[in-house]
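Trainee: here is a sequence together with a model predicted from it:
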Amino acid sequence: MLPTLLIVDDERSTRDGLRSALEDEFEVYTAAGTREALAILQSEAIQLVLTDLRLGGDSGMDLLDAALALPDPPVAIMMTAYGSVDTAVEAMRRGAWHFVTKPLNLDEVEMLLKRALRSRNLETENKHLVHQVKKSHHLDRLIGKSPEMQKVADHIQQVAPTRATILIEGETGTGKEVVAHLLHHLSGRPAAKMVTVHCAALSPQLLESELFGHEKGAFTGASQRRIGRFEQADGGTLFLDEIGEIDVTTQIKLLRVLSERTLERVGGNTPIPVDVRLITATHKNLRELVDRGDFREDFYYRLNVVKVVMPPLRARREDIVLLANAFLQEFAKENERPVKPLTDAALQLLQSYGWPGNVRELRTAIEHGVVMSNDAVIDVRHLPQFLSSGTAPPSHFSQPSKNSLDAAAEFNLHVLEANTIRAALNVARGNRTHAADLLGISRRTLQRKLQELGH
């Protein structure tokens, strides 16, 4: 395909002569004045413009300004019979690539056009490379070379520039929030604000006010108007973490916002338009919640336009060493300590452990090793004891041991659940928030189960 060239001159003989001389090398369009030229620029993908400075009653300078203001501007070369240093400087100052005077040397004009085209192509390629480097820089946060993580990275690059609502599913600690930030930074609105709401941490009443805001006097204690997170994120991204924890009433209100792109503050009745890219995340299987009647099906379909599934760490063991080394660098710098290598025994332990807490648990283990080692290396003894003690809760794919459970209790779900909860609390050293993370449930759910167990 030939490169496209627009020739603008109010003299027909000049237009026709240039067309005849250049049409073997370029796909040539012609125009007699500014209005006609702008119409062509807006309808065709013009790469080069060769325009006279004086176009009857129009000015080539005005055409230059309009052409360079286009989203994908062409390279412009000015020509005139009234050449002077002043007009040349002014044209170059406004963005012209070069300036030629009449009478034209056709060989010189063709050479200039080809050089201008090469310059434009190099600039376009450079912008593309810069964009790719920025994307790669952001994607470096997604550590892993396993096929599972390459699939996630490819998926992120595919969907990030779109406006589609995205649901991120994955076990606790797999890096869902990291993915949400990547999706925002690689979107078409990275300079805008990204607002995060952790849904499981708020009661239904507080969550509604947090999301939609409230008017003064909407409820007891509402002494002034509050702008909600949707309005704060207008023009940017709203990330709702643990979306599976929200109640049905809030689901209905969120569904309305997604459908109508407007909201009403609590206590208000004025529709407020919002332009928000919504990203949600959950450690639960929302499809299963829908099938059980615990999550609205219509809301699920609104959220699940595009799904990104984060694999558990046990499904990508080849990434454990990469992640461990990255965390070693991070925590050595943070604690102002030299970077110490992991011994072969330590690496073997890390790769053999089940990691029910996934990347977050690995990160904590490496931080522990960096802090506890006074040697030149980080060995097994510097890592958390639970890695080698066997007290960690089993992974989702592990089977109960016949040696540790009697035959009557082995297949009793209540006994298995109770044993798993106790093991998680043991690993978490009694910290219920950490234990809930290890189990992949909310702290409220853990609290309820403990009450059922009499704790």
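Mentor: Perfect, I can see it now.
Trainee: how many neighbouring residues does His185 have?
Mentor: For His185, the count of nearby residues is 19 (other CB atoms under 10 Å). Yep, even glycine has a C-beta here, placed from its N, CA and C like the rest.
Trainee: next: Ala346.
Mentor: Ala346 - counted by other CB under 10 Å - has 23 other residues nearby.
Trainee: just checking, it touches Ile378?
Mentor: Yes: judged on CB atoms under 8 Å, Ala346 makes contact with Ile378 at a distance of 5.8 Å.
Trainee: list residues touching both of these two?
Mentor: Here Ala346 and Ile378 have Gly369 as joint contacts, going by CB atoms under 8 Å, 6 or more residues apart in numbering.
Trainee: helices and strands of this protein: which one bottoms out on pLDDT?
Mentor: Sorted by mean pLDDT, DSSP states H and E, the helices and strands of the chain end with helix 407-410, the least confident at a mean of 38.
Trainee: buried residues in stretch 239-256?
Mentor: Across stretch 239-256, burial judged by 16 or more other CB atoms under 10 Å covers 239-246, 250-251, 253-255.
Trainee: phi, psi for Asp58 please.
Mentor: Per-residue torsions, Asp58: phi -100, psi 170 (degrees, to the nearest 10).
Trainee: who does it form a beta bridge with?
Mentor: Leu55 (DSSP bridges).
Trainee: now do the contacts for the closest residue to Thr282 other than its chain neighbours.
Mentor: Leaving aside its sequence neighbours, Thr282 sits nearest to Gly244 (CB to CB, 6 or more residues apart in numbering; 4.0 Å). By CB under 8 Å, 6+ apart, the contact list for Gly244 reads 282-284, 286, 289, 295.
Trainee: was I right to think Leu383 contacts Glu367?
Mentor: No: in this structure, Leu383 is not within contact of Glu367 by CB under 8 Å, at 10.4 Å.
Trainee: who has more neighbours out of those two?
Mentor: Leu383 (22 against 17).
Trainee: state the phi and psi torsions of the more buried one.
Mentor: According to degrees, to the nearest 10, the main-chain angles of Leu383 amount to phi -90, psi 160.
Trainee: any idea how far it is from Leu182?
Mentor: With distances taken as CB to CB, to the nearest Å, Leu383 is found 29 Å from Leu182.
Trainee: residue ranges with poor pLDDT in the stretch 251-400 of the chain?
Mentor: The model of the stretch 251-400 of the chain has pLDDT under 70 over residues 389-400.
Trainee: where along the stretch 101-250 of the chain do the helices fall?
Mentor: Along the stretch 101-250 of the chain, counting by DSSP state H, counting those that start in this stretch, helices occupy 106-139, 147-159, 176-185, 204-212, 229-232, 248-260.
Trainee: closest one to Met194 among the ones you listed?
Mentor: Evaluated over the helices of the stretch 101-250 of the chain, closeness to Met194 peaks at helix 176-185, with 4.5 Å, by CB to CB.
Trainee: name the helices or strands packed onto the closest one?
Mentor: helix 106-139, helix 147-159, strand 166-169, strand 194-198, strand 237-241, strand 277-282 (3 or more CB pairs under 8 Å, 6 or more residues apart in numbering; DSSP states H and E).
Trainee: swap in 6 Å and give it another go.
Mentor: strand 277-282 (3 or more CB pairs under 6 Å, 6 or more residues apart in numbering; DSSP states H and E).
Trainee: neighbouring strands - and their directions - for the strand it packs on?
Mentor: Counting by DSSP bridges, strand 277-282 is paired with strand 166-169 (parallel), strand 237-241 (parallel).
Trainee: Arg118: which of the ones you listed is closest?
Mentor: That would be strand 237-241 among the strands paired with strand 277-282, by CB to CB, at 38.7 Å.
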